[in-house]
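[1] Sequence and predicted model, in that order:
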Amino acid sequence: MRFLGNIEARADAKGRVFLPAVFRKSLQVAGEESLVLRKDVFQPCLVLYPESVWNEQMQVLRSRLNRWNKEHQEIFRQFVSDVELVALDGNGRFLISKRYQKMAEIGQNIKFIGMGDTIEIWSGEKTEKPFVDADAFGRAIEEVMKEGISSRTVE
């Protein structure tokens, strides 16, 4: 399952929004029915996880944390307690709660960004400018890709 693209949408006054059809189709093809929504750990956006991807992420996190370490338990608790299960209605809509709208500073104009195995939901106003300046992005990609190549020997 691959979510790709940058799709603008509008939430209604109650916070309901249509999940873009291209993303709904990817979920259907993959047989995914349940979704999990949480605030991103680093950015002012929300992340929508298909249930199978969420379960994988929880398993990876749990495997790196010691259940008998207080700090680790607090990290895990924070990660899993701040989620909402999302159900699409018959029209493909779901509700973004007022709490999550506030956390991500989301109003009526929103943007869905496909991030491979997850979907980010951003305030439309926050995505008017590029996330990274074009020149800085080019340098960063060059550096990342160079690191991958330098680990292999060229003959």
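    Sure, I can see it.

[2] got a list of what residue 26 touches?
    Residue 26 makes contact with 1, 2, 3, according to CB atoms under 8 Å, 6 or more residues apart in numbering. Quick note: C-beta positions are derived from backbone N, CA and C, even for glycine.

[3] from the middle of its chain, how far away would the host helix or strand of residue 55 be?
    Applying DSSP states H and E as the criterion places residue 55 in helix 51-64. Computed by CA atoms, centre = their mean, to the nearest Å, the chain-centroid distance of helix 51-64 equals 14 Å.

[4] Quick one: residues in contact with the helix or strand following it.
    Downstream of helix 51-64, the first helix or strand assigned by DSSP H and E is helix 70-81. When contacts are defined by CB under 8 Å, 6+ apart, helix 70-81 is touched by residues 38, 41, 58, 61, 62, 65, 66, 67.

[5] State the distance from the last one to residue 76.
    What it means is residue 67. The gap separating residue 67 from residue 76 is 8 Å, by CB to CB, to the nearest Å.

[6] Please identify which of these two sits among more neighbours.
    For residue 67 versus residue 76, neighbours defined as other CB atoms under 10 Å are more numerous around residue 76 (18 against 8).

[7] and stretch 31-47, how far apart are its ends?
    19 Å (CA to CA, to the nearest Å).

[8] Identify each buried residue in it, please.
    Buried residues in stretch 31-47, defined by neighbour count with 16 or more other CB atoms under 10 Å: 32, 35, 36, 37, 38, 39, 45, 46, 47.
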